[in-house]
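Asks: quick one, structure for this:
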Amino acid sequence: MKKVSDAGLLVTHCKSDNIYPLLPLLSQEFPNWTIDKIKNYVKLVISKKHDVAGMLVAQNEAAYYVGLLVYTYQSITSKLIGDTKKDQFAKGIVVENLIASSPILQKHVFFILIENVIEMANKNNCEFVELPKFDETYELIKQKYQKQISHSNGFRVFIKLK
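Replies: As a prediction, this is how the structure comes out:
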């Protein structure tokens, strides 16, 4: 997957366990972790097939990493996404970590990374994308997907795809 956004950001799957170019983003997300612990986490995530887990990275035109997103595929009870079917499970993508390098660009970076995850979810017949608790950084996503958003418990937010 390689996709250049309207903002000029290139989004790709991270395939290298060389964390050093990503270290500023990763250490921002995991400030109390050692470099070895961060490296082991990245190795674990990128060692999975893309239909199990993975990491998307966003780079600007100067090849600087401006964002990353860690995801896993999971199944949950349909009731959590507002489906009234009993004893049914829904397949989806869960956004585990979402990081941007700059508060100024954060809304756009988050939007572009999540748009890529939604595209992956649709290609893999997923019924939802689960995001961390919404705040002002998700404003662009709220605007585009407001009719598909459900809040299950105030902690996580779901974008219903089907």
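Asks: which residues in the chain form strands?
Replies: 2-4, 10-13, 53-59, 65-77, 89-100, 128-132, 149-151, 156-160 (DSSP state E).
Asks: packing partners of the fourth one?
Replies: Contact here means 3 or more CB pairs under 8 Å, 6 or more residues apart in numbering; DSSP states H and E; on that basis strand 65-77 packs against helix 23-29, strand 53-59, strand 89-100, helix 106-123, strand 128-132. The way it works is simple: take the backbone N, C-alpha and C, and place the C-beta from them, glycine included.
Asks: with the third one instead?
Replies: Strand 53-59 sits against strand 10-13, helix 35-47, strand 65-77, helix 106-123, with contacts defined as 3+ CB pairs under 8 Å, 6+ apart.
Asks: can you list the strands that it pairs with?
Replies: According to DSSP bridges, strand 53-59 forms sheet pairs with strand 10-13 (antiparallel), strand 65-77 (antiparallel).
Asks: average pLDDT across that strand?
Replies: Averaged across strand 53-59, the pLDDT comes to 92.
Asks: spit out the contact partners of the closest residue to S27 other than its chain neighbours.
Replies: Leaving aside its chain neighbours, S27 sits nearest to I38 (7.0 Å; criterion: CB to CB, 6 or more residues apart in numbering). The contact partners of I38, by CB atoms under 8 Å, 6 or more residues apart in numbering, come to 19, 23, 26-27, 30.
Asks: what's the answer for V66, then?
Replies: Residues near V66 by CB under 8 Å, 6+ apart: 9, 58-60, 100-102, 105, 109.
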